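> Predicted structure and sequence below. I'll ask about it afterward.
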Amino acid sequence: MKNLFLFIAAAAISFAGSAQSDIAISSAAGSGGSGFALNKEAIISEMNDGTFDGSAYLYDDWIKGIVIMPDGVGAEYYMKYNVLEDRIEFSETADGKGIRAIPNNPNYVIQLGKERFQYLNFADVSNDLDGIFKIIKPFDEETILVRRYQRSIQDMSEAQKSSYSSQSRPRVLETDDFYFIEKGMIKEIKNHKKRSLKSLNEKNEKQLKAFIKDRDIDFDDEGKGLAEVIAYYLSLQK
């Protein structure tokens, strides 16, 4: 696990400081030059058949992104993150023809627009913690803040228990959580002014509270404020 995590953090840190021009981009899979062999993956259907309300995707539009391997070689595709199925789908065309899914492999790092995603598996240290995570902030080779998006289809029998419910079909339920990875271990951390401190060392609580108050930290939805607090917390451990 530790060796795998070192690659994860190193890749994230490298991306944070690199322009796209620094990555060796080869041609898309369909032209036979990518080296990823993703063109061998089975063609799948886009999940927009109208059988439920809401979206299976983090973003509905196809976004040009890059699949990066440890050797720094990348291939460009149009991609979307299917949160419901926990997979990143890709196409060689902007209109999403011939959709395939990128295998959930920790050796792939996905640069999707300005955001980075990676499949991580912590099932051996925490139940059900394997899947695609968004890389929020790498602090060093052993410490990183990530975000896990999850979506599920609502059970209609539960929705119809309320006499006020007028739903005629299931809808997508959305949740997301932040996780703090440190020295190969992972734990949930709340993106909240007070609740975030429960996941950090109690002996630093007073200093962290003062830091949050003095800096007027904004715990925004993207986790930038939370990342500031963790960065300060780490500085106290040195």
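The structure has been received and is ready for your questions.

> partner residues bridging Phe178?
Arg147, Ile189 (DSSP bridges).

> Give the residue spans of the chain that score low on pLDDT.
Counting by pLDDT under 70, the ranges of the chain that qualify are 1-41, 48-50, 126-127, 156-168.

> Domain-wise, how is it divided?
The chain breaks down into these domains under automatic domain parsing: 2-189, 192-238.

> Mind checking what secondary structure the most centrally placed residue in the chain has?
Nearest to the mean C-alpha position of the chain, by CA atoms, centre = their mean, lies Lys134 at 1.9 Å. What DSSP: H, G, I helix; E, B strand; the rest coil gives for Lys134 is strand.

> same deal with the one 4 residues further on?
Classification of Pro138 using three-state DSSP returns strand.

> pretty sure it contacts Arg116?
No. The criterion here is CB atoms under 8 Å, and Pro138 misses it with Arg116 at 9.2 Å. Quick note: C-beta positions are derived from backbone N, CA and C, even for glycine.

> For Tyr59, which non-adjacent residue is spatially closest?
Using CB to CB, 6 or more residues apart in numbering and skipping residues adjacent in sequence, the residue nearest Tyr59 is Lys80, 6.5 Å away.

> bridging residues for that neighbour?
Beta-bridge pairing for Lys80 (DSSP bridges): Glu89.

> Might one say that the residue nearest to the centre of the chain is in contact with Gly113?
No. Here Lys134 lies out of contact with Gly113, judged by CB under 8 Å, at a distance of 11.5 Å.

> Spatially nearest residue to the residue nearest to the centre of the chain (excluding sequence neighbours)?
Per CB to CB, 6+ apart, closest to Lys134 is Arg147, 4.3 Å.

> sorry, back to before: residue contacts, the residue nearest to the centre of the chain?
Lys134 is in contact with 115-117, 146-149, counting by CB atoms under 8 Å, 6 or more residues apart in numbering.
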